[in-house]
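>>> how would this look folded up:
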Amino acid sequence: MNINQAEGKIDKAVGRVQEKVGELVDDRGHRLEGAARQAQGAAKDLYGQAYEHVHDAADSLVERIERNPFAALAIAGAIGYVVGVMCRSTRD
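Numbering: from 1, shown residues only. Coordinates of the predicted model:
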């Protein structure tokens, strides 16, 4: 769990409490602020999860490149060649 996920979970919990307090005191503003805070917390939590997945994928890629650098170099060269051919001007 990273900081974004932790903050998201805290914001969701605080939002739920704020929304319940708004219901108890019959304050529409508190209820709406609580709902907004919950949505903000959910967004932070999802961002944190996405960040972790991307970070894990990058770590996996680095490990594969370190295990087989020549294959990685060949793949990068092939991609560079294809991009070069696609971008080449057709003017003669």
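>>> how about the helices of this protein, start to end?
Assigned by DSSP state H, the helices in the chain fall at 3-24, 28-67, 69-87.
>>> was I right to think Lys9 contacts Gly41?
Yes: Lys9 is in contact with Gly41 according to C-beta atoms under 8 Å; the separation is 6.7 Å. (C-beta placed from N, C-alpha, C; glycine too.)
>>> quick one: low-confidence ranges for this structure?
89-92 (pLDDT under 70).
>>> how close does Phe70 sit to Ile10?
47 Å (C-beta to C-beta, to the nearest Å).
>>> scratch that, Asp59 is what I was asking about
Taking C-beta to C-beta, one finds Asp59 at 27 Å from Ile10.
>>> compare those two (neighbour count), which wins?
Higher neighbour count among Asp59 and Ile10: Ile10, with 14 against 10, using other C-beta atoms under 10 Å.
>>> what residue is smack in the middle of this structure?
Closest to where the C-alpha atoms of the chain average out (C-alpha atoms, centre = their mean) is Ala50, at 3.0 Å.
>>> could you report the neighbour count for the residue nearest to Ile65 when sequence neighbours are not counted?
The spatial neighbour of Ile65 that comes closest, neighbours along the chain excluded (C-beta to C-beta, 6 or more residues apart in numbering), is Ala72 at 4.3 Å. Using other C-beta under 10 Å, Ala72 has 15 other residues around it.
>>> and the gap between Ala72 and Val82?
From Ala72 to Val82 the distance is 16 Å (C-beta to C-beta).
>>> same thing with Arg67?
Counting by C-beta to C-beta - Arg67 and Val82 are separated by 24 Å.
>>> same check on Lys9?
Using C-beta to C-beta, Lys9 is found at 44 Å from Val82.
>>> could you check which of those two has the larger neighbour count?
Set Lys9 next to Val82 and count neighbours by other C-beta under 10 Å: Lys9 wins out with 16 against 10.
>>> residues touching the more buried one, list them.
Gly41, Asp45 (C-beta atoms under 8 Å, 6 or more residues apart in numbering).
>>> right, I'll call it a day here.
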